[in-house]
Structures are given as structure tokens and as C-alpha cells.
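**Q** Just a sequence and a predicted model for now, questions to come.
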Amino acid sequence: MEDIVPALYKKIEDDYYNRVKKDKSIQSLLKKAESGSGTQDEISLYARELGDCAAKALSEGLQAKNLPGGKIYWNIADRTIKPLFKLVYDQVNAMAFIIQKNDDKKNGISIKPIKADFPAERIESIENKIVYVSMNGDGADGTR
């Protein structure tokens, strides 16, 4: 049996990147951060916008028509959802690092910003819920 996950994840990841590139708000926030004018509040906005792009890409990619038996099995969820969340996490942390470093420099602070730990347990909990709904519903969207 062919492993569909690499191609499926590639499709999801490409969709995510396309959404991010087209999102004017995300691009504006990135430019502000890179220019040194980004704020702490904008990190949250950036995270929310990236999360929306990721959710839409996952929703599109993990439709029943793209899945064996129309179900999201654990191995599929773990190899698509977690890597995409890790990608978003890394992008948000990169922006937070830049903004914090700029804020610290403006305030004469020379401490290296600390990167938050990846919330693997929270992601696995989300994956478990998605798999449960998929397996107990009529399709990947969890409808009954």
C-alpha cells in the first residue's frame, strides 16, 4: 500500500505557504518586524493570522476525498498536523525573537531572548480529538 502522507503533507504545506504569501496582513506584520517597528501585540496578531492559514490548509487537505476510507487515521494526523503546527510555531517564535531583540536593544538590555518550548502534548491532544471525530463520524469532517 502506498504511503499517501508525504504527498498529502506537501499539498497542505504548499497551500499554507500560498495563503501566507497572499495575506496582506501577514506580509505587513513581517515587514514591520523586520524593519524594527514591530510590537509585542503584533506577535499575537501574527500568530492568529498564521493559525488561520494553517487551519484552512489543513481543512482543505484533510477532506474525506483525500484520505483512505475518508478517515483521518492517527499516522496521517501526526504526520500532517504536527509538522504544520511546528512550522507555524517556528515562524511565530522567529518573529517574537526579532521583536524582543529590537525592544531589548532600544532599552539597553543585552539578554538573549528565550525560545518557548513546542507544546507537543497540546498538539497531540488536538490530533487525538480530530482522529476521534473522524473515526466516529461519517467522514473526515466529523459529520454524523
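**A** Everything's here; your move. Since the model is a prediction, treat every value here as computed from it, not as a measurement.

**Q** When you work out contacts or count neighbours from here on, use the C-alpha atoms and nothing else.
**A** Will do.

**Q** got the phi/psi numbers for Ser59?
**A** Note on Ser59: backbone dihedrals following degrees, to the nearest 10 are phi -60, psi -40.

**Q** distance of it from Pro113?
**A** Going from Ser59 to Pro113 by CA to CA, to the nearest Å gives 34 Å.

**Q** Count the neighbours of Arg79 for me.
**A** Around Arg79 there are 14 other residues, counting by other CA atoms under 10 Å.

**Q** what does the one 10 residues further on give?
**A** Burial of Tyr89 is recorded as 18 neighbouring residues (other CA under 10 Å).

**Q** residues touching it, list them.
**A** Residues near Tyr89 by CA atoms under 8 Å, 6 or more residues apart in numbering: Phe118.

**Q** again with the one 3 residues further on
**A** Contact partners of Val92, counting by CA under 8 Å, 6+ apart, are 43, 46-47.

**Q** same check, this time on Phe118
**A** 86, 89.

**Q** pLDDT value on it, please?
**A** Note on Phe118: pLDDT of 93.

**Q** do the same with Ile114
**A** Note on Ile114: pLDDT of 82.

**Q** One more: Ser125?
**A** In this model, Ser125 carries a pLDDT of 94.

**Q** Report how many residues lie close to it.
**A** Ser125: 11 surrounding residues under other CA under 10 Å.

**Q** same deal with Lys106?
**A** Residues lying near Lys106 (other CA under 10 Å) number 10.

**Q** go on, Lys105?
**A** When neighbours are defined as other CA under 10 Å, Lys105 has 12 of them.

**Q** ok, it - contacts?
**A** By CA under 8 Å, 6+ apart, Lys105 has no neighbours at all.
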